[in-house]
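In: Here is a sequence with its predicted model. Questions after.
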Amino acid sequence: METQFITDKKGNRTAVVLPIEKYNKMIEELEDLEDVRLYDEAKRDDDGYRISFEDYLKTRERKK
């Protein structure tokens, strides 16, 4: 793939032009990496405490 750049008047690269397929693939991979990061963070912070969804709803109703 030939990389294309947009430059300012001094020749400094200010942007890059990507084919839409390459851009979409890059975004998908970044989203996958974010999912892995969030999973790892949640697993690290997990204290093992759980409540059922029904109990959560009861608690929520009491707070209103």
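Out: Nice, I can see it. Residues are numbered from 1 along each chain as shown.
In: can you give me the mean pLDDT across the helix ranked longest in the chain?
Out: Longest helix of the chain, by residue count under DSSP state H: helix 20-45. Mean pLDDT, taken over the full extent of helix 20-45, equals 94.
In: what does the helix or strand following that helix contact?
Out: Next helix or strand after helix 20-45 toward the C-terminus (DSSP states H and E): helix 53-63. Applying C-beta atoms under 8 Å, 6 or more residues apart in numbering, the external contacts of helix 53-63 come out as Ile51. C-beta coordinates here come from the backbone N, C-alpha and C atoms, glycine included.
In: again, only this time at 7 Å
Out: Residues from elsewhere that reach helix 53-63 (C-beta atoms under 7 Å, 6 or more residues apart in numbering): none.
In: Need the mean per-residue confidence for that helix.
Out: Per-residue scores along helix 53-63 average to 85.
In: Distance from that helix to the middle of the chain?
Out: 30 Å (C-alpha atoms, centre = their mean, to the nearest Å).
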